[in-house]
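**Student:** Everything below, folded, please.
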Amino acid sequence: MIFATLEHILTHLSFSIVSIVIAIHLMILSVHEIIGLRHSSEKGMLATFFSLTGLLVIRWISSRHFPLSNLYESLIFLSWSFSIIHMVSKLWNQKNDLSTITAPSAIFTQGFATSGLSSKMHQSAILVPALQSQWLMMHVSMMLLSYAALLCGSLLSVAFLVITFRKNIDIFFRSKNLLILIKSFFFGKIEYLNEKRSVVKSTSFLSFPNYYKYQLIQRLDYWSYRVISLGFTFLTIGILSGAVWANEAWGSYWNWDPKETWAFITWTIFAIYSHTRTNQSLHGTNSALVASIGFLIIWICYFGINLLGIGLHSYGSFT
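**Tutor:** The predicted structure is shown next:
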């Protein structure tokens, strides 16, 4: 009874805190520099991290096994993974460009786990024989950490594509205005030029907004590559440990289960992404497109297969 009460309190506490964090981020976006609010949002994510950590520890103690036995627990662990990625990225970079990705991701996964799943799925179940292994912590935790990192990195790549696309459109229209100005100059319409001084200012490619966008694009590309590389490492470890565990449980390293098949597809997509990063001509937009495809593949692997409820990994399904 005590464990259930503590779990209920920590669940709603972490959800409330991360909701406040997102509200603070929206206020920071509307008012560019609010130092006090920025510090508050960082403290809020720290409080969310400790609340989710306490929630997982309580479920671990009460169920006497690592809390990754069903879909609800995996979603809570995924939300915890987003918060820990936020904390680690904060240590690497004081500006923390990942904060706009990690906080909404954490509230989305935890909100769905808390409100989208039935109350029966919230209860910790007895582990099936296949899960009663020391490999449970190694395999499932590595897979969920990889999902969190790859999702964050892929979303950064999506943001990279959106900003790059808008920047290219902006440059196109500014170039068109510049051609009009050059044409008017050669035809001697000086008075036309005087009326279009605002257009001249808008054609400056070295203006501060353009330089800011360039810096933002560079940071998005940098962080997406770093986070995806981390997630790809976790994914590789998770697949290898899962293969060893499958051999112990089912007598075969690979069974082409739907979850295993889509995990292999996910690994292949991000292996292609890693290859594009080694080729200078494929940097930027090409690698970001591959990562954006990977974002959809991850959700199919993690969530889509659970909707079907088939295969050897059906214990993580909705039913």
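
**Student:** For the stretch 51-200 of the chain, which residues score under the pLDDT cut-off?
**Tutor:** Applying pLDDT under 70 to the stretch 51-200 of the chain picks out residues 92-97, 130, 166-200.

**Student:** could you redo the last one with a cut-off of 80?
**Tutor:** For the stretch 51-200 of the chain, residues meeting the criterion pLDDT under 80 lie at 63, 69, 89-100, 103-104, 107, 114-133, 165-200.

**Student:** check contacts around Cys301.
**Tutor:** Cys301 makes contact with Tyr147, Lys259, Trp262, Ala263, Ile265, Thr266, according to CB atoms under 8 Å, 6 or more residues apart in numbering. C-beta here means a position set from N, CA and C on the backbone, and glycine is covered the same way.

**Student:** can I have stretch 127-145 written out in PDB, keeping just the CAs?
**Tutor:** Taking Å, rounded to 0.1, in the frame of the first residue of the first chain, the C-alpha atoms of stretch 127-145 are listed here in PDB:
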ATOM      1  CA  LEU A 127       7.900 -12.000 -15.100                       C
ATOM      2  CA  VAL A 128       7.300 -14.700 -17.700                       C
ATOM      3  CA  PRO A 129      10.000 -17.400 -17.700                       C
ATOM      4  CA  ALA A 130      11.800 -15.900 -20.700                       C
ATOM      5  CA  LEU A 131      12.300 -12.700 -18.900                       C
ATOM      6  CA  GLN A 132      13.600 -14.200 -15.700                       C
ATOM      7  CA  SER A 133      17.200 -13.600 -16.600                       C
ATOM      8  CA  GLN A 134      20.100 -11.300 -15.700                       C
ATOM      9  CA  TRP A 135      20.100 -10.100 -19.300                       C
ATOM     10  CA  LEU A 136      16.800  -8.300 -18.800                       C
ATOM     11  CA  MET A 137      18.500  -5.200 -17.400                       C
ATOM     12  CA  MET A 138      21.200  -5.200 -20.000                       C
ATOM     13  CA  HIS A 139      19.200  -5.800 -23.100                       C
ATOM     14  CA  VAL A 140      16.000  -3.800 -22.500                       C
ATOM     15  CA  SER A 141      17.700  -0.800 -20.800                       C
ATOM     16  CA  MET A 142      20.200  -0.500 -23.700                       C
ATOM     17  CA  MET A 143      17.400  -0.700 -26.300                       C
ATOM     18  CA  LEU A 144      15.300   2.000 -24.600                       C
ATOM     19  CA  LEU A 145      18.300   4.300 -24.000                       C
END
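
**Student:** List of residues touching that stretch?
**Tutor:** 65-66, 68-69, 74, 77-78, 81, 231, 234-235, 237-239, 241-242, 244-245, 248-250, 263, 312, 315.
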